[in-house]
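> what's the 3D shape of this:
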Amino acid sequence: MPREDEFQAFDQPGASSGETEPARPFAHAEMVACDVCLRANPPTRMNCLYCGATLPATEQSAALRRPTLKKLEEWERGFNVVLLPRGGASPKPDAVEEAASLLRLEASRLSEIIASGRSLPLARASSTEEAGLVVSRLGVLGLDTEVFTDEVLTRAPERARAFEFEEGALVCWQGPDAAPRRVLFDEIALLVEGRIVERRVEVEERKTRFGGRSEVVGARELASDELVLDIYAAGEGAAFRVMSGGFDYSCLGADKGLLAAENFRKLTGALRGLAKSATYDGEYTRLRPLLADVWPSAEHTASLGLVGAGGGRVNTGAVTTISNEAQFTRYARLLQGLAKRAHAESS
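Numbers count the residues shown, from 1 in each chain. Below you'll find the model as predicted:
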């Protein structure tokens, strides 16, 4: 068997979703030669199987190409294909099945996303070419989509530590040494509420005498769950993030209570009442399962270095942090981008 044929099953529709339909072999004339390493590739591929270079598009391969949609690391820059809900009839079941296979999603999950009637991510591509291919393929299947770059969606708002309510304006304090920022209530266009859940797992290991292997001698897990509110001014204006913990609620005056969660709710209600033209979205928590396939919680592991264990011994420590903050940021920035586009189209 030619070496190129060894991987054909991985490039066929349905190969990633557990379908057992046998892959059809490609004729030699259908194979696409890489311009860099000159090796033949199946016409379904966008990048060379051997050197990773972008493959040239031919008339025959144009209809057969399929996006790779490999899982990207959090630090990698991606291109997010987002569903745009539209009125009218929903795509037919066979179209949903084909779209799910293309996107490496379960058909039931894609059906949930479509039924939600919300703009939600369908894929995170590694290049503009791959994102464009996804958009065109989904368009043929009756799904309208738009591409948003990570540069747009991953910009976290500035953390707010305290507010002051002035006549017609919100004054934001970001810290004792930072100059306050002032935003008119009429300029606030969007309020997005959610929760930031973080798990922190610390592990301490010790080298054994024999074999040089490590054994876990201690572990602890910490968790936090905070309410969060993102505030976006119209256009390219200011953007602030309020976390329920670490915020000074003195702006509530006599309404300030003892519990942070209670004060957070009061603050959100006050802002909604003062920024009357702002759109409020509190659906993030409900929609989290529909975001997780494309935007999973971020996981980072870092070394804690050497940890004293007494008796002159030292152990090594590591901490793993799992957080959905980046996911929430993407969701909120997506809503901001859609709101900006809708405003531009209506003006």
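> didn't residue 332 look like it was pressed against residue 191?
No - between residue 332 and residue 191 there is no contact under C-beta atoms under 8 Å: 9.6 Å. C-beta: built from backbone N, CA, C; applies to glycine.
> And stretch 250-264, end to end?
12 Å (C-alpha to C-alpha, to the nearest Å).
> any idea of the mean pLDDT in it?
The pLDDT scores in stretch 250-264 average 96.
> buried stuff in that stretch?
Under the neighbour-count criterion of 16 or more other C-beta atoms under 10 Å, stretch 250-264 has 251, 260, 263-264 buried.
> Same check on stretch 334-347?
For stretch 334-347, by 16+ other C-beta under 10 Å, it's 334-340.
> same question, stretch 80-99
Under 16+ other C-beta under 10 Å, the buried positions of stretch 80-99 are 80-83, 91, 96-99.
> Just give me the closest of the buried residues of stretch 250-264 to residue 162.
The shortest approach to residue 162 among the buried residues of stretch 250-264 belongs to residue 251, at 6.9 Å (C-beta to C-beta).
> In contact with the closest one, which residues?
The contact partners of residue 251, taken as C-beta atoms under 8 Å, 6 or more residues apart in numbering, are 162-165, 267, 270.
> and if you look at residue 249?
Residues near residue 249 by C-beta under 8 Å, 6+ apart: 256, 260, 263-264, 266-267.
> Please narrow these to those residing in helices.
Secondary structure defined by DSSP state H assigns 260, 263-264, 266-267 of those to helices.
> Please dump those residues into CSV; it should also carry distance to residue 317 for every row.
Shown next, in CSV, are the ones in helices among the contacts of residue 249 (distance: C-beta to C-beta, whole Å):
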residue, distance to residue 317
260, 30
263, 36
264, 34
266, 41
267, 38
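> Just the strands from the stretch 51-200 of the chain, written as ranges.
79-83, 121-125, 145-149, 158-159, 162-166, 169-173, 181-184, 188-207 (DSSP state E, counting those that start in this stretch).
> Give me the sheet partners of the first one and which way each runs.
Yep, that's strand 79-83 we're talking about. Neighbouring strands of strand 79-83 in its sheet, by DSSP bridges, are strand 121-125 (antiparallel), strand 145-149 (antiparallel).
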